[in-house]
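A.B. asks: With the input below, show me the fold.
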Amino acid sequence: MKVLIISDTHYKNEEMEQSIYDLILNSDFLIHAGDFSSKKAYDSFKILCDEKNIPFKAVYGNNDPDSLREILPERDVFETDGIKIGLIHIAGRSLNENTARWYLLREMEVDVLIHGHIHTPMVDRYEDKYIICPGSPTRPRLSDKSVIMMETEGGKVKSVEQIKVGDSMCSSAMFKKYLEEKEMRREKNEK
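C.D. replies: Purely as a prediction, here's the structure:
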């Protein structure tokens, strides 16, 4: 099963990039970790998923209006393909420290904790448990615009892949990538 994970779209109306639309159509399940930023934006995801018979789960985020807070939960726990998933918008504020998120995963008694809010893609794995933040396809922070595609099979996570959508957003992300590549070349030369 292909599960598309998205968050922090921050659409003011029903606009949706073609790349996001195509990714939704090529998935079996859609999960949105909040910050649609408008009811119209949420409706565009919901209508598309309903029309294409794609299961859709979502929570509200800190930038979502009251109209979404009335229909969406702050957190949710559900199962798909034998995997128990926890969904929340804010699971911690740190970009690098996941201790609070691991405690939240245990508290929610889930196999996978999906969150948003930090606008930076992150996948942390310990044994068969995962913490996943897809980043943001519209307003990333020190990263490229992105979503996550998680593939599952037989009650297990088979793969988790960051998918970049659109062009690189900021020079900080390019500089970060440059430093990572430089470090990889250095390590390779030391071997």
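A.B. asks: And the lengthiest helix in the chain, what does it pack against?
C.D. replies: Secondary structure of the chain per DSSP state H: the longest helix is helix 171-190. Under the contact criterion of 3 or more Cβ pairs under 8 Å, 6 or more residues apart in numbering; DSSP states H and E, helix 171-190 touches no helix or strand at all. The C-beta positions use only the backbone N, C-alpha and C, and glycine is treated the same way.
A.B. asks: what's in contact with that helix?
C.D. replies: Helix 171-190 has contacts (Cβ atoms under 8 Å, 6 or more residues apart in numbering) with 140, 142-144, 168.
A.B. asks: Show me which of the residues you listed are buried.
C.D. replies: 140, 143-144 (16 or more other Cβ atoms under 10 Å).
A.B. asks: Is residue 159 in contact with residue 150, as I believe?
C.D. replies: Yes - under the criterion of Cβ atoms under 8 Å, residue 159 lies in contact with residue 150, with a separation of 7.2 Å.
A.B. asks: the more surrounded of those two?
C.D. replies: The residue with more neighbours, out of residue 159 and residue 150, is residue 150; 27 against 10, by other Cβ atoms under 10 Å.
A.B. asks: can you pull up the bridge partners for the more buried one?
C.D. replies: Counting by DSSP bridges, residue 150 is bridged to residue 3, residue 160.
A.B. asks: Let me see the contact set for it.
C.D. replies: 2-3, 5, 112, 130, 132, 157, 159-161.
A.B. asks: ok, 10 Å please
C.D. replies: Neighbouring residues of residue 150 by Cβ atoms under 10 Å, 6 or more residues apart in numbering: 1-5, 27, 29, 31, 80-81, 83, 85, 112, 114, 123, 130, 132, 134, 157-161.
A.B. asks: Quick one: low-confidence residue ranges for this structure.
C.D. replies: 167-175, 191 (pLDDT under 70).
A.B. asks: Would you map the strands across the protein?
C.D. replies: Along the chain, the segments classed as strands by DSSP state E run 2-6, 29-32, 56-58, 75-80, 83-88, 112-114, 121-126, 129-134, 146-153, 156-164.
A.B. asks: Just name the most buried of those.
C.D. replies: Among the strands of the chain, judged by mean count of other Cβ atoms under 10 Å, the one packed with the most neighbours on average is strand 112-114 (a mean of 26).
A.B. asks: Direction included, what does that one pair up with?
C.D. replies: Counting by DSSP bridges, the strands paired with strand 112-114 are strand 83-88 (parallel), strand 129-134 (parallel).
A.B. asks: Rebuild the ones you listed as JSON lines, extending it with distance to residue 100.
C.D. replies: Shown next, in JSON lines, are the strands paired with strand 112-114 (distance: least, Cβ to Cβ, whole Å):
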{"stretch": "strand 83-88", "distance to residue 100": "11"}
{"stretch": "strand 129-134", "distance to residue 100": "10"}
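A.B. asks: closest one to residue 10 among those strands?
C.D. replies: strand 129-134 (13.3 Å; Cβ to Cβ).
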